[in-house]
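**Student:** Give me the fold of what follows.
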Amino acid sequence: MAKFTTWDGLQLNYRVWEGEGRPVVLQHGVVADTNANWMSVGIVAALQAAGHHIISLDARGHGRSEKPHDPARYSWQAMTADMRSLFDELGLDEVALVGYSMGGIISILVAQADDRVKRLAVGGIGSGVVDCGGIDWRVIEAADIAAAMTGDGSTAAPQAQMFRMLADVLGTDREAIAALAAGLNEAPIKTVADITIPTLVVAGDADPFAAEPQRLAAAFPDAHLVTVPGDHLVATADPGFAAALVEFLR
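**Tutor:** Next comes the predicted model:
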């Protein structure tokens, strides 16, 4: 594990697994971190077995990265800049970028802004990107996530309680997540039609946050869809998720 200072002075944590070829960069989902989203479910192990050079970033507010409690320190643009700053820090000329849930939105924005991204894989998102410009606020609102992080979370919307449960299991800084939710209350994506690189969309078949993933895949010029069993929290643990990534990145 290592840290670097991102564009606005925050210390962010990343981890590297040495391998061959184009680096595969991973960005996790909200509340989770490198271990929860990628290591514990076997995705890092599968990519290692395939020989890939792997880099995973703990987003601001998560994992071992710095966790400000000020909503002004969180925005989609800030987190996009964090990933690009990591590319700069490590001197990366080209990458395959993989993002899940919140990380999927960040990865789309990075791919639009940075031509060092040569392949893109996103999971845990679906038609909300097309219809809502990012996270599917028809399923959950940012205020719901923030509410779930306060008190015992029992009055939060049912979908948001899932994130509270995950936060409690992981020992997440809930005040930082509440600040993040307030800062990410926007729709950053106007279109994905400008992302012409090969793209993979992976979705759990019972994931309400990734509803109608075929519509998201169809919105990219060069994308294909893989569905796996599971909801938002467990889809990444299905062996088919890792297998789809390995096949796509082969």
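**Student:** okay, CA-based contacts and neighbour counts for the rest of this
**Tutor:** Will do.
**Student:** top helix in this structure by residue count?
**Tutor:** In the chain, with assignment by DSSP state H, the single longest helix is helix 76-90.
**Student:** Same question for that one: list its buried residues.
**Tutor:** For helix 76-90, a neighbour-count test (16 or more other Cα atoms under 10 Å) marks 76, 78-87 as buried.
**Student:** check contacts around A179.
**Tutor:** 68-71, 74, 146 (Cα atoms under 8 Å, 6 or more residues apart in numbering).
**Student:** Can you tell me the SS state at the residue nearest the centre of the chain?
**Tutor:** Among the residues of the chain, the one closest to the centroid is G103, at 1.5 Å (Cα atoms, centre = their mean). Secondary structure state of G103, per DSSP: H, G, I helix; E, B strand; the rest coil, is helix.
**Student:** got a list of what it touches?
**Tutor:** By Cα under 8 Å, 6+ apart, the residues touching G103 are 27-30, 122.
**Student:** which two of the residues you listed lie the greatest distance from each other?
**Tutor:** Spatially, the most separated pair among the contacts of G103 is V30 and V122, at 14.0 Å (Cα to Cα).
**Student:** ok, those two, which is more surrounded?
**Tutor:** Neighbours were counted for V30 and for V122 using other Cα atoms under 10 Å; V122 has more, 28 against 21.
**Student:** Pull the residues that contact the strand or helix carrying that one.
**Tutor:** Remark: V122 resides in strand 117-123, with elements defined by DSSP states H and E. The contact list for strand 117-123 (Cα under 8 Å, 6+ apart) reads 94-101, 103-104, 107-108, 110-111, 197-203, 210, 245, 249.
**Student:** isn't there a strand covering N13?
**Tutor:** Yes - according to three-state DSSP, N13 belongs to a strand.
**Student:** Counting neighbours, what do you get for it?
**Tutor:** 23.
**Student:** K3 is in contact with that one, correct?
**Tutor:** Yes - if you go by Cα atoms under 8 Å, N13 and K3 touch, sitting 4.4 Å apart.
**Student:** Residues that sit against both of the two, list them.
**Tutor:** S65.
**Student:** looking at this, A36 is in a strand?
**Tutor:** No - using three-state DSSP, the assignment for A36 is helix, not a strand.
**Student:** Contacts only, for it.
**Tutor:** Residues in contact with A36 (Cα under 8 Å, 6+ apart) are L170.
**Student:** which residues of this structure fall in helices?
**Tutor:** 34, 43-49, 76-90, 102-113, 127-132, 142-148, 158-170, 174-183, 213-219, 239-249.
**Student:** Relative to A193, which of the ones you listed is closest?
**Tutor:** In terms of Cα to Cα, the element of the helices of the chain nearest to A193 is helix 213-219, at 6.1 Å.
**Student:** what about the nearest residue to V129 once chain neighbours are set aside, neighbour count?
**Tutor:** Excluding its sequence neighbours, the residue lying closest to V129 (Cα to Cα, 6 or more residues apart in numbering) is I135, at 6.3 Å. Neighbourhood size, I135 [other Cα under 10 Å]: 30.
**Student:** Is it correct that I135 is in contact with Y100?
**Tutor:** No - contact between I135 and Y100 fails when scored by Cα under 8 Å: they sit 11.3 Å apart.
**Student:** Need the residues touching each of the two.
**Tutor:** Shared contacts of I135 and Y100, defined by Cα under 8 Å, 6+ apart, comprise I125.
**Student:** okay, now R250: neighbour count?
**Tutor:** R250 - counted by other Cα under 10 Å - has 10 other residues nearby.
**Student:** what's the answer for R15, then?
**Tutor:** Around R15 there are 16 residues (other Cα under 10 Å).
**Student:** and it, what does it touch?
**Tutor:** Contacts for R15 (Cα under 8 Å, 6+ apart) come out as 1-2, 55-57.
**Student:** swap the cut-off to 10 Å and go again
**Tutor:** Going by Cα atoms under 10 Å, 6 or more residues apart in numbering, R15 touches 1-3, 25-26, 34, 54-58.
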